[in-house]
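Chemist: Give the three-dimensional model of this entry:
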Amino acid sequence: MPSSAWSNKRERQYEHIKDSLRSRGKSEGTAEEIAARTVNKERVQHGEATEANPKTLKDTPAPVRGGKRSHQGAQGRTREQLYEEAKRKGITGRSKMNKAELERAVGR
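Modeler: Okay, here's the model as predicted:
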C-alpha cells in the first residue's frame, strides 16, 4: 500500500484494482501505478484527501460516468452501447441506424 493515509476500504480497493490489472496482463509496476492513481482520485472526489487538483474535483466519478470514456480506441463503442445512449437521449429512428449513423446521432 503506497499511502498510510488510506483507510482499510481504500487499501482493499487498491489491492482489488491491482490484482485485476495483473490478471489482464499489466506489469506489476504499471498495475500499482494505475491502482494508486485510481484510489487517490476516488479519495479526492469523496473528500478524503487534504489537497486536490481542481480538475479532479470537477470530473465525474467513474461509477457515475458508467463507461462513457471506454472504447474510445480505433473501433470505439459497440453498436449496442451507442443504441442505448441514443435511447436515453430520445433519438428517433435509432433502431434502423447502423453504428456510424448512431455515432453521428449521439454526437460522439
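
Chemist: who's in contact with whichever strand or helix holds residue 56?
Modeler: Taking DSSP states H and E as the definition, one finds residue 56 inside helix 54-58. For helix 54-58, contacts defined as CB atoms under 8 Å, 6 or more residues apart in numbering pick out 41, 44-45. In short, each C-beta sits where N, CA and C put it, glycine included.

Chemist: Name only those of the residues you listed that count as buried.
Modeler: 41, 44-45 (16 or more other CB atoms under 10 Å).

Chemist: quick one: low-confidence ranges for this structure?
Modeler: Within the chain, the ranges that satisfy pLDDT under 70 run 1-4, 62, 66-75, 108.

Chemist: All the helices of the chain, in order from the start?
Modeler: 8-23, 28-45, 54-58, 62-65, 79-89, 99-106 (DSSP state H).

Chemist: Give me the distance from the third one to the chain's centre.
Modeler: Which is helix 54-58. Here the centre of helix 54-58 is set off from its chain's centre by 15 Å, with CA atoms, centre = their mean, to the nearest Å.

Chemist: Check stretch 21-30 too.
Modeler: Offset of stretch 21-30 from its chain centre (CA atoms, centre = their mean): 17 Å.
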